[in-house]
Structures are given as structure tokens and as C-alpha cells.
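> Return atomic coordinates for the entry below.
(one chain, ligands or ions: 1)
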Amino acid sequence: MLDEDQKIAFELANGHNLIISGQAGTGKSFLLKYIVKDQREKQKNVAIVCSTGIASTLYEELGAKTLHKWAGIEDGRHLNEEIIHLVQSDERFMSVKHNIQTTDLLIIDEVSMVSAKTFNKVEVLCRKVRDNNKYFGGIQVILSGDLTLILISLIVKLKN
Ligand SMILES: Nc1ncnc2c1ncn2[C@@H]1O[C@H](COP(=O)(O)OP(=O)(O)OP(=O)(O)O)[C@@H](O)[C@H]1O
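Below is the predicted model of the structure:
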């Protein structure tokens, strides 16, 4: 059963964009599994993605994959314009185009491990491929991670 904080986030997951932040072991993955199952029961097309393949094995039974694979951005070698063009017109990217066009809810776990560059690339890609100028082209997004890690990495970068 979900605890009180998890219940609040679980309810907000009905249609809201959310950031779920908490340190390791605070029950984020436990909550995300509940959300995925519940939203799928409500006939939503839900994709759950992680920054690494190892992390996505945690959600194997839910069909999780890496954000890079879901969005077709490979190792990030393509400029935004190139990847938009490839996804829109190249047959090899048909499944990626399908992912982007049909997903109702995109859950990104361990978002603190995703670089700003990658995150922005995926956000723009979704807007262009869905021809919808809303954030992520109108896909509902739930971001989960330990956001204090972002601050720590920022401080480390500033110090260097
Ligand atoms: N509401 C709950 N009821 C029972 N067990 C729970 C609940 N929430 C979390 N847990 C358990 O607590 C442990 C830690 O939870 P979880 O793995 O979801 O945390 P996390 O925030 O995702 O951690 P990490 O960031 O390290 O992945 C797990 O064993 C999980 O099953």
C-alpha cells in the first residue's frame, strides 16, 4: 500500500506533469510502478524510461527502456534538426516516431542522470514530431529522481 506522500503523487499523476524527488530508498520506484499500472488500466499509453539500461531492468515487466532508445537519439551524435528529420522521414526510425506520436504519459526515472542537452533534445523532438508546440508536444511527463544530485553536480561544475 502507498504511504501518504505516495498517495498524493499517485492522485496527481492523473493528468498532471509532475516532478517526484526523493533520496535513494524513499519509494519512488515503488510509486512509479503503481502509477504505470493504474494509468494503463485507464487505457493510457504509458512509456517508462531510464537513463541507463541497467536502471530500466528495474521496470522490465513494464517494458521500460532507455530514454535514448525510446527517442531514437542514439549516442546523441545528431544535431536537433537532423534527428527531427530522421524521425519524421526515415523508415529506420518508424518505431521511434510511433513511440512519440502515441505516448500519452512519459515517465523518466533517474532524471537527475539525464543531461540537460539530452533532455532538451527529446523535448524539442516530441514537439516537432507531434506538431504540437506544448511542452513535450503535449505528452504528460512525470520526472523522478533525487534532485539534490542536480544541485551537487552544478556546484561541482561551478567549482571546476
Ligand atoms: N509504500 C510502500 N510500502 C511498502 N514498501 C515500500 C513502499 N514504498 C517503498 N517501499 C519499499 O522500500 C524500498 C525502497 O523503495 P524504492 O526502491 O521504491 O525507492 P527509490 O526511491 O526508488 O530508491 P532508489 O532511488 O535507490 O531507486 C523498496 O524495497 C520498496 O519495495
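> hey, where'd the helices end up in the protein?
4-12, 28-41, 53-56, 67-71, 80-89, 94-102, 116-129, 147-159 (DSSP state H).
> out of the ones you listed, which comes closest to I108?
With Cβ to Cβ as the criterion, I108 lies closest to helix 67-71 of the helices of the chain, at 6.1 Å. (Glycine included, C-beta is placed from N, CA and C.)
> Let's test this: name the helix or strand in this protein with the lowest mean pLDDT.
Among the helices and strands of the chain, helix 147-159 carries the lowest confidence by mean pLDDT, DSSP states H and E, at a mean of 67.
> Bridged to the nearest residue to L12 once chain neighbours are set aside, which residues?
Setting aside the residues directly before and after it, L12 is nearest to L18 in space (Cβ to Cβ, 6 or more residues apart in numbering), at 5.6 Å. When bridges are taken as DSSP bridges, the partners of L18 come out as I142.
> my guess is L18 meets I108, correct?
No: using Cβ atoms under 8 Å, L18 is not in contact with I108, being 10.8 Å away.
> can you list residues touching both of these two?
For the pair L18 and I108, residues contacting each of them under the criterion Cβ atoms under 8 Å, 6 or more residues apart in numbering are 141-143.
> If you rank those residues by neighbours, which is first?
Neighbour tally across these (other Cβ atoms under 10 Å): the maximum, 25 neighbours, falls on I142.
> Identify the residues contacting it.
Taking Cβ under 8 Å, 6+ apart as the criterion, I142 is in contact with 13, 17-20, 32, 35, 105-108.
> thinking again about what came up before, would you list the shared contacts of L18 and I108 in CSV and tack on distance to E4 and pLDDT?
Shown next, in CSV, are the shared contacts of L18 and I108 (distance: Cβ to Cβ, whole Å; pLDDT from 0 to 100):
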residue, distance to E4, pLDDT
V141, 24, 97
I142, 19, 97
L143, 21, 95
